[in-house]
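Participant: 3D model of this:
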Amino acid sequence: MPYVQRNHRGEVVGLFANPQPQPDGTCLTEAEPLPDDHPEVMAFCATYPIPEEMLRPLSEKDLQSIQQTHKRIEREHAAIQQAVTRFNQQFAQLETALSALLYVAVNRPDSQLAYALYYSPAGFDARVNLVQNAIIQIASENKNALGSLSTPWVQSPLRKLVCRIDGTRHLRNAIAHSAHNTLHVGGRSHARLTAPAFDVIRVGRKLEDRQIPGLTANDINDGVTKAGWLIDRIDRLNRVLSAFYNGDPSLPEKFELLTKGLMDEGNP
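Facilitator: All right, here's what the predicted structure looks like:
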């Protein structure tokens, strides 16, 4: 016995297994269902065939399953939002670490020039290139103490830092251009941070291939960990340059700590 929805002319335009109350207090469907053999129901089904199971009222077990899924998806979206907040905080700290590195590299402790230079470019890529080229130039002019920083690009300790920075930048861009979406793939609902729902390239095509696009909370939290790794290694490079400028005899030890840190793929 389906519940019917009518248009302004009183014609049946929809059949539902359950009433369809709306947030404003109205209901899309009539208060009482019509029999399956009602002429209007039969006429509608003849024009718009509906699978029988779609008009079967949900059991208590079905309702409980839907509620459990809804709560799980809410928890997953909340976890994604928390991860995004943590990542954004880490990314801000990464920018601070890079600007501090340029401050040490410029070696003007009585001036804010380095910070003015760092924050002049609007884009993060340009800022990274600014810091990277400043360090390479300083190292090339001081080969005896800092030569390994200006070795061929594929061998330079900076290479690993910049590669990791690229990965963090890509994740940041993905987050900035994404939205919370609930996707239904393989008979299961999934909470994801994805490109806009109508992005047929990044979302639609993957769904067609039965893939689940987008980022989970675990994906973003992994990015938080990697950003922490970056901040620690940039701070180690900062200490190398500080030791160089200050004539600190512990410069070799600080270089060793930087090198070991770059070889260690684990957490900071």
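Participant: which residues of the stretch 101-250 of the chain fall in helices?
Facilitator: Secondary structure of the stretch 101-250 of the chain by DSSP state H, counting those that start in this stretch: the helices cover 113-118, 124-141, 143-146, 157-176, 205-208, 217-246.
Participant: Which one, of these, ends up nearest to Y3?
Facilitator: Nearest of those to Y3, taken as C-beta to C-beta: helix 205-208 at 30.8 Å. For glycine as for every other residue, the C-beta is placed from the backbone atoms N, C-alpha and C.
Participant: quick one, what contacts V131?
Facilitator: For V131, the contacting residues are L98, L101, L102, A105, Y118, by C-beta atoms under 8 Å, 6 or more residues apart in numbering.
Participant: For E40, see how far away it is.
Facilitator: Distance, V131 to E40, using C-beta to C-beta, to the nearest Å: 72 Å.
Participant: and what of T182?
Facilitator: From T182 to E40 the distance is 34 Å (C-beta to C-beta).
Participant: Could you double-check that N181 sits in contact with F198?
Facilitator: No - assessed by C-beta atoms under 8 Å, N181 is found out of contact with F198, at 10.7 Å.
Participant: Tell me the residue in the protein that is farthest from the middle.
Facilitator: P39 (52.5 Å; C-alpha atoms, centre = their mean).
Participant: what about A31, how many neighbours?
Facilitator: Neighbour count for A31, taken as other C-beta atoms under 10 Å: 7.
Participant: contacting residues around it?
Facilitator: Shown in contact with A31 (C-beta under 8 Å, 6+ apart): P19.
Participant: Just name the most buried of the helices of the stretch 101-250 of the chain.
Facilitator: Neighbour counts (mean count of other C-beta atoms under 10 Å) averaged over each of the helices of the stretch 101-250 of the chain peak at helix 217-246, with a mean of 19.
Participant: Need the mean per-residue confidence for it.
Facilitator: The average pLDDT for helix 217-246 rounds to 95.
Participant: If I take that helix and helix 157-176, what angle do their directions form?
Facilitator: Here the directions of helix 217-246 and helix 157-176 differ by 140 degrees (axes from the mean of the first three to the mean of the last three C-alpha atoms, to 10 degrees).
Participant: How far away from the center of its chain is the very next helix or strand once past helix 217-246?
Facilitator: Using DSSP states H and E, the helix or strand that follows helix 217-246 in sequence is helix 251-263. Remark: helix 251-263 is offset 31 Å from the chain centroid, using C-alpha atoms, centre = their mean, to the nearest Å.
Participant: tell me the pLDDT at the closest residue to Q211 other than its chain neighbours?
Facilitator: Leaving aside its sequence neighbours, Q211 sits nearest to V185 (C-beta to C-beta, 6 or more residues apart in numbering; 7.6 Å). Listed pLDDT for V185 reads 86.
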